[in-house]
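Asker: Pasting the sequence and the predicted model now:
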Amino acid sequence: MLTDACKIFTLKDEDVHLVDGEVTNIKITCHYDLKLANAILGDIRD
């Protein structure tokens with residue numbers, strides 16, 4: 001099973017590019033990530 005999008009594209013000989021992004025663009029996968037997202041949203045809303 002392939003789970004990494006970059007790996008899937010490279011195995012299919014597709015180009016992969018890096019782009020600048022926001023440090024607040026996070027992936028929520030555990031309880032800590034949810035706490036971090038809530039803190040970020042609190043800062044944005046204040």
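Answerer: Yes, it's here. Numbering: from 1, shown residues only.
Asker: which regions of this structure lie under the pLDDT threshold?
Answerer: Residue ranges of the chain with pLDDT under 70: 1-3, 45-46.
Asker: how does it look with 80?
Answerer: 1-3, 43-46 (pLDDT under 80).
Asker: those helices in it, which residues are they?
Answerer: Assigned by DSSP state H, the helices in the chain fall at 5-11, 31-45.
Asker: Ile40 reaches Thr24, doesn't it?
Answerer: Yes. Using Cβ atoms under 8 Å, Ile40 is in contact with Thr24, at 5.0 Å. From N, CA and C alone the C-beta is placed, and that goes for glycine too.
Asker: and the two? which has more neighbours close in?
Answerer: Ile40 (15 against 11; other Cβ atoms under 10 Å).
Asker: how about the more buried one, what does it touch?
Answerer: By Cβ atoms under 8 Å, 6 or more residues apart in numbering, the contact set of Ile40 is 24, 26.
Asker: And it, how far from Asn25?
Answerer: Applying Cβ to Cβ, to the nearest Å, the value for Ile40 to Asn25 is 10 Å.
Asker: what does Leu18 give?
Answerer: 14 Å.
Asker: Check Tyr32 too.
Answerer: With Cβ to Cβ as the criterion, Tyr32 and Asn25 are 16 Å apart.
Asker: now His17
Answerer: Note on His17: its distance to Asn25, by Cβ to Cβ, is 16 Å.
Asker: Neighbours of Val16, how many?
Answerer: Using other Cβ under 10 Å, Val16 has 10 neighbouring residues.
Asker: Verify the stated contact: it with Cys6.
Answerer: Yes. Judged on Cβ under 8 Å, Val16 makes contact with Cys6 at a distance of 5.3 Å.
Asker: Surely Thr10 touches Val16?
Answerer: Yes. Using Cβ under 8 Å, Thr10 is in contact with Val16, at 6.1 Å.
Asker: residues contacting Ile26?
Answerer: 33, 36-37, 40.
Asker: Please pick the buried ones from these.
Answerer: Taking 16 or more other Cβ atoms under 10 Å as the criterion, nothing in the contacts of Ile26 is buried.
Asker: Before I go, just wanted to say thanks for your time.
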